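structure for the following, please:
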Amino acid sequence: MNDNHFKFSTAVIGLPLFFVLFLWIVYWFQIRFDLDFYRNGIYPRDFSGLQGVLFSPFIHENLGHLYNNSIPLFVLLAALQFFYPKQTLGVIGFGILFSGFITWVIGRENYHIGASGLIYVLVSFIFFKGIQTRYYRLVALSFSVVLLYGGMIWYVFPDVDQSISWEGHLAGFVTGFVLSLFYKAPEYAKPIVYDWQKPDFDPQGDAFMKHFDENGNFVNTEIEEEEVISSYFSSDVLVNYTIRKSDEIDEIE
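This next block holds a predicted model:
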């Protein structure tokens, strides 16, 4: 990976915009036609409740619930698409499925709805994948996620707030971490190794470094003997430049 790997495309804005807009359309249908989508959420350890694994991320209780999920979803999906474009669809798809299924296994016997589980998948994946790559731009992205959403970690524990699905949050966080291990990181550029950093580098044989001693002090070396440098030009005429100790430069054809 190098800086050219990070290329802006319409998908960086289009994907999160479409996803968030779809959530709002679903909610509009729910209130416009007085539909009860809550029963399509995850109901743990009940066969009919498995449908919520697919549907629950798109169902929200009220405007506040939807609004609070929309902003982080947009930001995180845009970051995922920009920095991990090849992994984006897999992280979203498998993130919804696995986090939903884990919630179905460990959750309380209530309907679990909302996209917060997916948000925890994205936060966890972006954070752990960036640290694993050790590429400075992705590590910086990881720390940015911690700065913005680090406080969310408290909501993966029970008894913090009984009105939220900590099980869905925990499932999303664990799923994101597992996906960060499963998906191979993009190859990033190897650090540049200069000649003077190589173990076999000989300072005395280098045209520039030979003018410095072992302590880095400049040494004014005098030219002891006549040095002739020959070079060819496009005219196919050989031209020699002679450098003498007297610093006089004669041009000889």
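
going by C-alpha atoms from here, please, whenever you check contacts or count neighbours.
OK.

now the stretch 101-250 of the chain, which segments are flagged as low pLDDT?
Within the stretch 101-250 of the chain, the segments meeting pLDDT under 70 span 186-197, 201-216, 218, 220-250.

repeat that for 50
Low-confidence segments of the stretch 101-250 of the chain (pLDDT under 50): 223-233, 239, 241-243, 246-250.

hey, where'd the helices end up in it?
Ranges of helices in the stretch 101-250 of the chain, per DSSP state H, counting those that start in this stretch, are 116-133, 136-149, 166-182.

packing partners for the shortest one?
Secondary-structure packing of helix 136-149 (3 or more C-alpha pairs under 8 Å, 6 or more residues apart in numbering; DSSP states H and E): helix 116-133.

stretch 134-153: how far from the chain's middle?
Centre-to-centre, stretch 134-153 and its host chain are 9 Å apart (C-alpha atoms, centre = their mean, to the nearest Å).

including mean neighbour count, could the helices of the stretch 101-250 of the chain go into JSON lines?
What follows is those, written out as JSON lines (neighbours: other C-alpha atoms under 10 Å):
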{"stretch": "helix 116-133", "mean neighbour count": "25"}
{"stretch": "helix 136-149", "mean neighbour count": "16"}
{"stretch": "helix 166-182", "mean neighbour count": "24"}
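
in CSV: those helices, plus distance to residue 80.
As requested, the helices of the stretch 101-250 of the chain are exported to CSV (distance: least, C-alpha to C-alpha, whole Å):
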stretch, distance to residue 80
helix 116-133, 7
helix 136-149, 10
helix 166-182, 12
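
how near is residue 32 to residue 115?
21 Å (C-alpha to C-alpha, to the nearest Å).

more neighbours: which of the two?
Shown here are residue 32 and residue 115; by other C-alpha atoms under 10 Å, residue 115 has more neighbours (26 against 9).

re the thing from before, out of the helices of the stretch 101-250 of the chain, which comes closest to residue 155?
Of all the helices of the stretch 101-250 of the chain, it is helix 166-182 that lies closest to residue 155, at 5.7 Å by C-alpha to C-alpha.
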